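Trainee: requesting a structural model of the entry that follows:
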Amino acid sequence: MQEFFANVFRYPRYLISFSLGVFYNAVEPLIPLLKNPYTAVALISAIIAGFIGLVFTMQGMLGIA
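Mentor: Numbers count the residues shown, from 1 in each chain. This next block holds a predicted model:
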């Protein structure tokens, strides 16, 4: 039984390491774009626009007024 709980307690560490790995691999190609001011503004604007679009989509899907 002790081995079972030891195995269960490993899952949060796996989830954190997996999430950080996905985040790092998603952000790593975008880092060079932040060195040029024009592409940095475009990248930040695209991220904000994507977030706003996601918020409006979720509000529409959930019926939140």
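
Trainee: give me the mean pLDDT for the host helix or strand of I48.
Mentor: Taking DSSP states H and E as the criterion, I48 maps to helix 37-62. Summarised as a single mean, pLDDT over helix 37-62 is 96.

Trainee: which residue packs closest to L30, ignoring adjacent ones?
Mentor: L43 (6.3 Å; CB to CB, 6 or more residues apart in numbering). Every C-beta, even on glycine, is put in place using the N, C-alpha and C of the backbone.

Trainee: which of the residues in the helix holding I48 are buried?
Mentor: For helix 37-62, a neighbour-count test (16 or more other CB atoms under 10 Å) marks nothing as buried.

Trainee: how close does N36 get to A42?
Mentor: Per CB to CB, to the nearest Å, N36 is found 9 Å from A42.

Trainee: one more: S17?
Mentor: Taking CB to CB, one finds S17 at 32 Å from A42.

Trainee: for the residue nearest to L30, give its distance to F23.
Mentor: 16 Å.

Trainee: please apply the same query to M61.
Mentor: According to CB to CB, M61 and F23 sit 25 Å apart.

Trainee: I am finished for the moment; much appreciated.
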